[in-house]
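[1] Could you work out the structure for the sequence below:
(one chain, ligands or ions: 1)
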Amino acid sequence: MSECTHNCSTCSSGCGSSEFHRDESLMEKLMPGASVKKVIAVVSGKGGVGKSMVTSLLAAETQRRGFRTAILDADLTGPSIPKAFGVSERMRAAADHMLPVTTPSGIQMVSMNLLLDAPEEPVLWRGPVIAGAVKQFWQDVVWGDLDYLIIDCPPGTGDVPLTVFQSIPIDGAVIVTSPQDLVSLIVRKAYNMAKMMDIPVLGLIENMSYAVCPDCGKKLRLFGKGSGAAAEELGLPLLAELPIDPDLAQLVDNGEFEKFTCTALEAAAKEIDKKFS
Ligand code: ADP
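    You can find the predicted model right below:
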């Protein structure tokens, strides 16, 4: 068989892998009048590593740097982002469009929790229904003109992340990890999925890399060695190492997330921006 060109429309090999490639013709369109310059997907191989946290930090930093920024919370069954930003206003929806909600600093946001009457109710939907809702979050939202849309992808490599990768024209993915061998193994899965879908991986962000001792200021690497080796092996930059920060957890709980500034993330946001300019 000749080498794969990733263009299934002109290939007759019938290799069966076309289902897992990106096909520009299958990408969903934004509604008329909406434009997004760059779409970044924040992904992780598994849940609980801080993917939503990194999505929020990245969006807050990008907005702070003067870019028109939005968050598409595609983690439909575990949406935690609105609460962190203290956003409780409902999204307004009509038959064919939805209006995003705006955070205090001006970030636009769509999330399942902003549509539900009772945010504590579980979303008991099967994969294809969730995947359909994610597509609507892209194509039926009155986004206006955005510089950056940052997508909080559902964890793993299942149906919904696959839909995100196949139906939204993503310019780059950031992989969030935490410093454990098990997690770095799973990082490779996320990396390989992005590669299969022809999505450039911009780099790794390691969360919960260390805690700072409140007495002596020493960095304590609670989970052992970091993701530097995994990043090197994959040929990716380690864009940031973020500490476990009790103040951050508190601000998230209080819905005051935008008060937090993070030097490590500032550098990562600049690095990402450089890749696109
Ligand atoms: P994921 O999206 O990967 O499932 P979250 O971003 O929701 O993970 O993070 C899980 C929990 O850990 C949240 O309660 C979040 O506030 C907390 N958390 C994440 N990163 C940090 C951090 N660096 N410092 C303190 N708390 C954190």
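
[2] Quick one: name the residues of the stretch 101-250 of the chain near the ligand.
    Residues of the stretch 101-250 of the chain found near the ligand (Cβ under 6 Å from any ligand atom) are Asn207, Met208, Leu242, Ile244, Asp245, Leu248, Ala249. Just so you know, the C-beta spots here come from the backbone N, C-alpha and C atoms, and that holds for glycine as well.

[3] Okay, and which of the residues you listed map to helices?
    With helices identified by DSSP state H, the entries of those that belong to them are Leu248, Ala249.

[4] Pull out the buried members of the residues of the stretch 101-250 of the chain next to the ligand.
    Restricting those to buried positions leaves Asn207, Met208, Leu242, Ile244, Leu248, with burial counted as 16 or more other Cβ atoms under 10 Å.

[5] can I assume the first one is in contact with Val54?
    Yes: using Cβ atoms under 8 Å, Asn207 is in contact with Val54, at 6.1 Å.

[6] list residues touching both of the two?
    Shared contacts of Asn207 and Val54, defined by Cβ atoms under 8 Å, 6 or more residues apart in numbering, are found at Val176, Leu242.

[7] neighbours around Ala94, how many?
    Number of residues near Ala94 (other Cβ atoms under 10 Å) recorded here: 9.

[8] Lys135 versus that one, what's the distance?
    Note on Ala94: its distance to Lys135, by Cβ to Cβ, to the nearest Å, is 17 Å.

[9] For burial, what's the neighbour tally of Ala169?
    Just so we're on the same page, residue 169 is Pro rather than Ala. The number of residues packed near Pro169 is 15, by other Cβ under 10 Å.

[10] Give the closest residue to it in space, chain neighbours not counted.
    In this structure, Pro169 finds its nearest non-sequential neighbour in Met27, 5.1 Å apart by Cβ to Cβ, 6 or more residues apart in numbering.

[11] what's the answer for Ala190, then?
    Excluding the flanking residues, the one nearest Ala190 by Cβ to Cβ, 6+ apart is Gly45, at 4.3 Å.
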